[in-house]
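*Asks:* following is a predicted model, sequence given first.
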Amino acid sequence: MEARWHGITASALAIGATLCLWPALLNAQYLSAQDVLSSEPVEPDFVLAYGKAPEQYGHLRLPDGSGPFPVLVIIHGGCWLSFANLEYMSRFAADLSEAGVATWNIEYRRVDSPGGGWPNTFLDVANGIDYLRFLQSEYHLDLSQVVVAGHSAGGHLALWAAGRPNVPEESPLYLEAPLAIKGAVSLNGPGQLAPLRDTDNEVCGGDVIDTLMGGSPEEVPDNYAAGSPIRMLPVAVPLRLLTGADDPAVPPLFADAFAAAAAAAGHDVTAVTLEGASHFEAIVPGTDVWREVRSTILSLFEELEQ
């Protein structure tokens, strides 16, 4: 029997994830999902579990030296679905570790994983970040300098992680004393979820937003208030959103709308449109836009040192 998760069929994931779901990316001008997901990963320094579920682990990479090292938490994307995993961000992580930043590239249960969806996809990200407290001493991490960066669906989760102090105590997403995040970078990620319900069937092959959030905005408004970054403003850390000008999955208008709302709340936020890029160029070292992405991330750490 074919597995089905809230309207998302297993065959759609297996066949469509790397090709059919991203038709506009198959133009040779741009990197495709297949290019990125099939690339050879770079081995991490350490593979460490932050929980008991198979997906509750992360890849830690350390720069040269004795530390203490600033930390970049990395959250991969892939429509909150399990056709993609943390390995496609391995070159991204390795490059930034070589630049002097420890990287903690985390895996998490996605909406088609056992136990995934609302609220555990969010809680895995939260617990994965907070687990840095247990790694701090052994791996010489400086937890006063933690920045989070995510791509695509991971961009949403990165912005959400920055807003965790605003999660109300009555929400299932609430965890006491979250690790302080000092900045967040969203790469081709959405800062709001409700509008994506109009396109998630086309882009992701199913009703992933409703599964992620436990229902529609009308059915579970409190879930959207606690899980959609635009509903969690203001956030007291700098936010940087970078989107490919020709991204068909998460067009720049999503970042622009979020940045406008954040700026109206007096926030330190910038939204940058990357010309000559689509959905994947921002996460691949060596692309034309990589220098700007890398500089944006490292500049947040430089600001923390001032």
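*Replies:* That came through, no problem. Residues are numbered from 1 along each chain as shown.
*Asks:* which helix is the longest one in the chain?
*Replies:* helix 290-305 (DSSP state H).
*Asks:* quick one: average pLDDT of it?
*Replies:* Mean pLDDT, helix 290-305: 93.
*Asks:* could you list every helix and strand in contact with it?
*Replies:* Secondary structure elements in contact with helix 290-305, counted by 3 or more C-beta pairs under 8 Å, 6 or more residues apart in numbering; DSSP states H and E, are strand 69-75, helix 90-98, strand 141-151, strand 183-187, strand 239-244, strand 269-274. From N, CA and C alone the C-beta is placed, and that goes for glycine too.
*Asks:* how about CSV for those, with distance to residue 207 and mean neighbour count added?
*Replies:* Converted to CSV, these look like this (distance: least, C-beta to C-beta, whole Å; neighbours: other C-beta atoms under 10 Å):
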stretch, distance to residue 207, mean neighbour count
strand 69-75, 22, 26
helix 90-98, 29, 21
strand 141-151, 22, 23
strand 183-187, 23, 28
strand 239-244, 24, 26
strand 269-274, 27, 20
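*Asks:* mean pLDDT and distance to residue 280 added to those, as TSV?
*Replies:* As requested, the helices and strands packed on helix 290-305 are arranged in TSV below (pLDDT from 0 to 100; distance: least, C-beta to C-beta, whole Å):
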stretch	mean pLDDT	distance to residue 280
strand 69-75	98	15
helix 90-98	97	11
strand 141-151	97	8
strand 183-187	97	9
strand 239-244	97	8
strand 269-274	96	11
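*Asks:* out of the ones you listed, flag the one nearest residue 119.
*Replies:* Closest of these to residue 119 is strand 69-75, at 16.3 Å (criterion: C-beta to C-beta).
*Asks:* centre of the chain to the closest one, how far?
*Replies:* Chain-centre distance of strand 69-75: 12 Å, with C-alpha atoms, centre = their mean, to the nearest Å.
*Asks:* elements contacting it?
*Replies:* Against strand 69-75 (3+ C-beta pairs under 8 Å, 6+ apart) you get helix 90-98, strand 102-106, helix 120-130, helix 132-139, strand 141-151, helix 153-162, helix 290-305.
*Asks:* who touches stretch 108-116?
*Replies:* Stretch 108-116 is contacted by residues 5-6, 8, 13, 53, 55-56, 75, 78, 80-82, 117, 120-121, 124-125, 128, 157, 208, 211-212 when judged by C-beta atoms under 8 Å, 6 or more residues apart in numbering.
*Asks:* circling back to that earlier point, can I get the longest helix of the chain in CSV? Just the C-alpha atoms.
*Replies:* Taking C-alpha atoms only, helix 290-305 is exported to CSV below (Å, rounded to 0.1, in the frame of the first residue of the first chain):
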residue,chain,number,x,y,z
TRP,A,290,28.3,33.1,-2.6
ARG,A,291,30.6,35.9,-1.7
GLU,A,292,27.6,38.1,-0.7
VAL,A,293,26.0,35.3,1.3
ARG,A,294,29.2,34.4,3.1
SER,A,295,30.0,38.1,3.9
THR,A,296,26.4,38.6,5.3
ILE,A,297,26.8,35.7,7.7
LEU,A,298,30.3,36.5,8.8
SER,A,299,29.4,40.2,9.3
LEU,A,300,26.9,39.3,11.9
PHE,A,301,29.7,37.6,13.9
GLU,A,302,31.9,40.7,13.4
GLU,A,303,29.1,42.9,14.8
LEU,A,304,29.0,40.6,17.9
GLU,A,305,32.7,41.3,18.6
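*Asks:* let me know the angle separating it from strand 141-151.
*Replies:* Interaxial angle, helix 290-305 versus strand 141-151 (axes from the mean of the first three to the mean of the last three C-alpha atoms, to 10 degrees): 150 degrees.
*Asks:* now render the helices and strands packed on helix 290-305 as CSV, adding distance to residue 43.
*Replies:* Shown next, in CSV, are the helices and strands packed on helix 290-305 (distance: least, C-beta to C-beta, whole Å):
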stretch, distance to residue 43
strand 69-75, 15
helix 90-98, 8
strand 141-151, 20
strand 183-187, 23
strand 239-244, 27
strand 269-274, 29
